[in-house]
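Visitor: sequence and predicted structure, then a few things I'm wondering about:
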Amino acid sequence: MLQEAQQDEIIHDLIKQGHSVVSNFVTADAVKALRADVHKLWAEGDFKAAAIGRGAEEQRQTEIRGDFIHWLSPTNLTPAQATYWERIDQLRQRINRELFLNVQEFEAHFVLYPTGAFYKRHLDQHHGTQRRQIACLLYLNAGWQPADGGYLRMYPEAGNWEHTVDVSPQGGTLVCFRCDTIVHEVLPATRQRMSLTGWLCRRE
Ligand code: OGA
Ligand code: MN
């Protein structure tokens, strides 16, 4: 699908339902290059166990989330990372024009879930701040099968836990959702699960 048409779809879905899923947001080669970044950083010990909350409230709780993260530094991106960053920046500008969210920054980390790890139901906005507005998740897994599990499960109507939207973390798939309303969780997988997860943020 053309870049322009993908953006149209994302904007339309965000307005209509607060979440959007597009496959093949980036090429298979780009996914491969980003996955290679993850393997290299992991091998070099450059991932750390993710925690919940922030600042003084930050704590590691594996019964809530069991993933490992590596923050990207926007001033030091590999070519594949820079290309993705540019695409997200174009999306950011359209989101500001059409959803009036006034998002100015993108922050992102690579995420690796070891086999069996999960992240329980949550919202992405931290306590007492509306900095994070839109989550943008790019999956990096090759040949993901339904039996591998690891779904992102979204609950588009908070409180109605029967209404779920499940997304398979297939390489190249981009998921965007509103951080103030979309409750979601990551189900355990039978294999390692990788993504490049980021947030369009307001300056506070
Ligand atoms: C998160 C998260 C979802 C996913 O990192 O906050 O909910 O599908 N990730 O990886
Ligand atoms: Mn989340």
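Guide: Structure received. Ligands and ions are numbered 1, 2, ... in the order given.
Visitor: which residues are in contact with stretch 2-11?
Guide: With Cβ atoms under 8 Å, 6 or more residues apart in numbering as the contact definition, stretch 2-11 has outside contacts at 1, 20, 22, 25, 87, 90-91, 94-95, 98-99, 174, 176. Every C-beta, even on glycine, is put in place using the N, C-alpha and C of the backbone.
Visitor: mind running it again at 10 Å?
Guide: 1, 19-25, 87, 90-91, 93-95, 97-99, 134, 136, 174-176 (Cβ atoms under 10 Å, 6 or more residues apart in numbering).
Visitor: can you tell me the closest non-neighbouring residue to L14?
Guide: S20 (5.5 Å; Cβ to Cβ, 6 or more residues apart in numbering).
Visitor: what is the neighbour count of that neighbour?
Guide: 21 (other Cβ atoms under 10 Å).
Visitor: so after whichever strand or helix holds it, what's the next helix or strand?
Guide: Here S20 sits within strand 19-22, counting by DSSP states H and E. Next in sequence after strand 19-22, counting helices and strands by DSSP H and E, comes helix 28-43.
Visitor: any idea what the residue nearest to the spatial centre of the chain is bridged to?
Guide: In the chain, the residue lying closest to the centroid (Cα atoms, centre = their mean) is L137, at 2.3 Å. Going by DSSP bridges, L137 is paired in beta bridges with V175, T197.
Visitor: give the contact list for it.
Guide: 21, 108, 111, 152, 167, 169, 173-177, 184, 186, 195-199.
Visitor: can we see that at 8 Å?
Guide: 152, 174-176, 195-198.
Visitor: and the contacts of stretch 2-11, which of them are buried?
Guide: Among the contacts of stretch 2-11, the ones that count as buried by 16 or more other Cβ atoms under 10 Å are 19-22, 25, 87, 91, 95, 134, 136, 174-176.
Visitor: enumerate the residues of this structure near ligand 1.
Guide: 111, 119, 124, 137, 152, 184, 186, 195, 197 (Cβ under 6 Å from any ligand atom).
Visitor: now tell me what touches the host helix or strand of the first one from outside.
Guide: Per DSSP H and E, V111 falls inside strand 105-113. Where contact means Cβ under 8 Å, 6+ apart, the residues beyond strand 105-113 that reach it are 34, 37-38, 41-42, 47, 50, 66-72, 74, 85, 88-89, 92, 119, 136, 150, 186, 189, 192-203.
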